[in-house]
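Visitor: From the sequence below, what's the structure:
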Amino acid sequence: MYKVLVTDAISDSGLKALYDHPNFTVEKKSGLSPEELKEVIKGYDALIVRSQTQVTEELLESADHLRVIARAGVGVDNIDVSAATRKGILVINAPGANTIAAAEHTMAMMLSMARKIPHAHMSTSAGNWDRNAFKGVELYEKTLGIIGMGKIGAEVSKRAKKFGMNILGFDPYLTEERANQLGITKASLDEIAEQADFITVHTPLTKDTKGLINDEYLAKTKKGVRIVNCARGGIIDEAALVRALNSGQVAGAAIDVFDTEPASNMELLTHPNAVVTPHLGASTVEAQEKVAQEVSEEIIDIFETDSIRHAINMPQVSGETQKKLQPYIDLGEQIGILAIQLLQHAPDKIEINFYGELAKQDTDLLTRTMIKGILAHHLSDSVNMINAIHLLNDQGVAFNVVKNPTSKGFANYMELTLYKGEEKASIGATVLNGYGGRIVKMNEYRVDVRPEQYLLYIEHHDVPGMIGRVGSILGSHDINIGTMQVGRAFAGGEAIMVLTLDKKVDEDVAKELVAMDGLRAVQFLELPAEQVPVYH
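Guide: Have a look, this model is predicted:
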């Protein structure tokens, strides 16, 4: 018998599959203190939580039998995924179960804002009858800009079209073909700002989307635009939004998610032109039942058939294959992260080449690791090694893996190339015995670069003094150079320079470098700190 512990309020009807299964027993124990939970958790094989239970590293130290942690919802902020992974515990969630609830809540917030329903309700329930104070606007024939055309954004577009709205959609992976299928117009962020009467965001919170709707962006929007956020707090700069509401640049805001929760920005919460709710996007009877049902069925599949669909982390892989591939798995994710930055666009095609002894191995895990590194740039922590290829297919990106057992200058060599139309970015890498991972090719140039957290990629003309001038500018800004590699096709022609640095290059430094004669392009590349090996 497998023992399942449920520590938060979870729908019993959603747990029915577990209750009815002869090989599972389910116990619900809510309101436990951390110390009580540490004692209780020892005898369970699976844990189901929502957002209240904090699954910490300390708790997991006591979880000697735990194999699966299931989050009945999307986010896993309350789960220490790294600690779970280190202990070999699988973390799963229910990413698609709240799609309809979130899309409907977006429409409800949009309508409530447009027709000032909450404010009219408060006034009328207080005994007033002031019809002139709550004149709204119609959605019909208005333009809606949707930033983020994943599952929820697509569902919002379908509903908004039924209201007679014109839809502009932005997503790094949105193709013209997909836009045509949805009956919307593919647009840039600036085109949405210029044309949209309403803007709603449905993206993950990443370093690129944090503060995406800020003072600068709001200044580009149509006067009197209305803004909706039922996605993630932090995508909209709350202080900037309040300023735009006060100036009238933004006529209304409907906000369900906040920078910090419970929300504390009273200027926004009490603004007369704002409609606010306490993170209710997934709070429907149906959605809560679906998330419980989804994780229940997956727990059964994991224990009974080893089938995994919605893993947040990767289960430990043992055996000879992992031993051989592990250095390349780490390096593969690094070059995926760097290649997508080098391309500067979401790719429409990916090609992966394996050479030498590496080509004779089962490289599926390595391929997934590279794709995870690529997609994480835009999709954040929603992508993992298990769902990477599925998400890539969802985005309509073609990918091809080629294996060639002949060597390419190294016993083992892998090369990742990303394409966007006529543009491409390519990185080749290998693992050198005693030296670790090395980037040995960037685009068409040979280099020898150890992956480190901060890298600077420079395209320039091969003229005397270029290296010295670059070093001088960086030195004047107190930026120390760890290593420098130069690659060139021929003397006096085009060349690249790749530097490892001790800290970030800010925009001002980049602009100063670009202004140099003979220098064509500068790109700052960064690896997450946890992706960088410790060198001795």
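Visitor: drop to CA atoms for contacts and neighbour counts, all remaining ones
Guide: Noted.
Visitor: quick one, what contacts residue 275?
Guide: 109, 112-113, 118, 252-255, 269 (Cα atoms under 8 Å, 6 or more residues apart in numbering).
Visitor: now stretch 507-524, how far from the chain's geometric center?
Guide: Stretch 507-524 sits 29 Å away from the centroid of its parent chain (Cα atoms, centre = their mean, to the nearest Å).
Visitor: distance between the ends of it?
Guide: End-to-end span of stretch 507-524 (Cα to Cα, to the nearest Å): 9 Å.
Visitor: so residue 487, which of the three states?
Guide: Following DSSP: H, G, I helix; E, B strand; the rest coil, we place residue 487 in the strand state.
Visitor: Flag the shaky bits of the stretch 251-400 of the chain, pLDDT-wise.
Guide: By pLDDT under 70, the weakly predicted segments of the stretch 251-400 of the chain are 314-322, 381, 386.
Visitor: can you pull out the strands in it?
Guide: For the stretch 251-400 of the chain, the strands defined by DSSP state E, counting those that start in this stretch occupy 274-276, 349-356, 398-404.
Visitor: can I get those strands in TSV with distance to residue 518?
Guide: Listed next are the strands of the stretch 251-400 of the chain as TSV, based on distance: least, Cα to Cα, whole Å:
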stretch	distance to residue 518
strand 274-276	52
strand 349-356	31
strand 398-404	36
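Visitor: Let me know which of those strands is tucked in deepest.
Guide: Each of the strands of the stretch 251-400 of the chain was scored by mean neighbour count; the highest is strand 274-276, a mean of 24, by mean count of other Cα atoms under 10 Å.
Visitor: what sits against residue 505?
Guide: Neighbour list for residue 505: 479, 524 [criterion: Cα under 8 Å, 6+ apart].
Visitor: And it, how far from residue 481?
Guide: Between residue 505 and residue 481 the distance is 11 Å, computed by Cα to Cα.
Visitor: go on, residue 243?
Guide: Noted for residue 243: a distance of 41 Å to residue 481, by Cα to Cα.
Visitor: Now distance to residue 73 too, for the contacts of residue 275, in TSV please.
Guide: TSV is the format used below for these (distance: Cα to Cα, whole Å):
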residue	distance to residue 73
109	21
112	26
113	27
118	28
252	29
253	26
254	22
255	20
269	26
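Visitor: which one of those residues sits closest to residue 235?
Guide: The closest of these to residue 235 turns out to be residue 255 (Cα to Cα; 11.1 Å).
Visitor: Would you confirm that that closest one contacts residue 280?
Guide: No: in this structure residue 255 lies outside contact range of residue 280 using Cα atoms under 8 Å: 10.2 Å.
Visitor: Which one's more surrounded, those two?
Guide: The residue with more neighbours, out of residue 255 and residue 280, is residue 255; 28 against 14, by other Cα atoms under 10 Å.
Visitor: so who does the more buried one touch?
Guide: So residue 255 contacts 109, 228-230, 274-277 (Cα under 8 Å, 6+ apart).
Visitor: coming back round to it: out of the strands of the stretch 251-400 of the chain, the one nearest residue 159 is which?
Guide: Nearest to residue 159 among these is strand 274-276; the distance by Cα to Cα comes to 20.2 Å.
Visitor: which neighbours does the closest one have in its sheet, and in what orientation?
Guide: strand 250-255 (parallel) (DSSP bridges).
Visitor: for the chain, what's the longest helix?
Guide: Secondary structure of the chain per DSSP state H: the longest helix is helix 320-343.
Visitor: re the thing from before, which entries within the contacts of residue 275 meet the buried criterion?
Guide: 109, 112-113, 252-255, 269 (16 or more other Cα atoms under 10 Å).
Visitor: what about stretch 70-83, average pLDDT?
Guide: Per-region confidence: stretch 70-83 scores 86 on mean pLDDT.
Visitor: ok, residues contacting it?
Guide: Stretch 70-83 is contacted by residues 10, 46-57, 60, 91-98, 288, 291-292, 294-295, 299, 312-313 when judged by Cα under 8 Å, 6+ apart.
Visitor: ok, 7 Å please
Guide: For stretch 70-83, the surrounding residues in contact (Cα atoms under 7 Å, 6 or more residues apart in numbering) are 47-51, 53-57, 91-95, 291-292, 295.
Visitor: Which residue comes closest to residue 273 once chain neighbours are left out?
Guide: residue 252 (5.0 Å; Cα to Cα, 6 or more residues apart in numbering).
Visitor: hang on, isn't that neighbour packed against residue 271?
Guide: No: contact criterion Cα atoms under 7 Å: residue 252 and residue 271 do not qualify, at 9.4 Å.
Visitor: of all the contacts of residue 255, which two lie farthest apart?
Guide: Largest separation among the contacts of residue 255 by Cα to Cα: 230 and 274, giving 13.5 Å.
Visitor: Helix, strand, or coil at residue 217?
Guide: Residue 217 - assigned by three-state DSSP - is helix.
Visitor: Now name the helix or strand holding the nearest residue to it once chain neighbours are set aside.
Guide: Of all residues not flanking residue 217 in the chain, residue 193 sits nearest, at 7.3 Å (Cα to Cα, 6+ apart). Assignment of secondary structure by DSSP states H and E places residue 193 within helix 189-195.
Visitor: just checking, what packs against the helix or strand following that helix?
Guide: Under the assignment DSSP H and E, the closest C-terminal helix or strand after helix 189-195 is strand 198-201. Counting contacts by 3 or more Cα pairs under 7 Å, 6 or more residues apart in numbering; DSSP states H and E, strand 198-201 packs against strand 143-147, strand 225-229.
Visitor: before we move on, the earlier item: neighbours around the residue nearest to residue 217, how many?
Guide: Residues within reach of residue 193, counting by other Cα under 10 Å, total 21.
Visitor: related to what we said a few turns ago, give the rounded mean pLDDT of the helix holding residue 193.
Guide: 98.
Visitor: Kindly report the same for stretch 25-36.
Guide: Across stretch 25-36, pLDDT averages out at 94.
Visitor: how far does it stretch from start to finish?
Guide: Stretch 25-36 has its terminal residues 20 Å apart, counting by Cα to Cα.
Visitor: mind checking how far that stretch is from the chain centre?
Guide: In terms of Cα atoms, centre = their mean, the centre of stretch 25-36 is set 31 Å apart from its chain centre.
Visitor: got the buried residues for that stretch?
Guide: Neighbour counts over stretch 25-36 (16+ other Cα under 10 Å) mark 26, 30 as buried.
Visitor: Which residues does it contact?
Guide: 1-8, 18-19.
Visitor: and the strand or helix carrying residue 495, average pLDDT?
Guide: Per DSSP H and E, residue 495 falls inside strand 494-501. Mean per-residue pLDDT for strand 494-501: 93.
Visitor: Equivalent analysis for stretch 103-122, please.
Guide: The average pLDDT for stretch 103-122 rounds to 97.
Visitor: Same question for stretch 194-209: list its buried residues.
Guide: Residues 194-206, 209 are the ones in stretch 194-209 that count as buried (16+ other Cα under 10 Å).
Visitor: Need the contact partners of it.
Guide: With contact meaning Cα under 7 Å, 6+ apart, stretch 194-209 is reached by 142-148, 152-153, 220-222, 225-229, 231-232, 235, 379-380.
Visitor: What about residue 441, how many residues nearby?
Guide: 18.
Visitor: Next up, the contacts around it.
Guide: Per Cα under 7 Å, 6+ apart, neighbours of residue 441: 427-429, 447.
Visitor: Ok, residue 347 next?
Guide: With contact set as Cα under 7 Å, 6+ apart, residue 347 has these partners: 397, 418-420.
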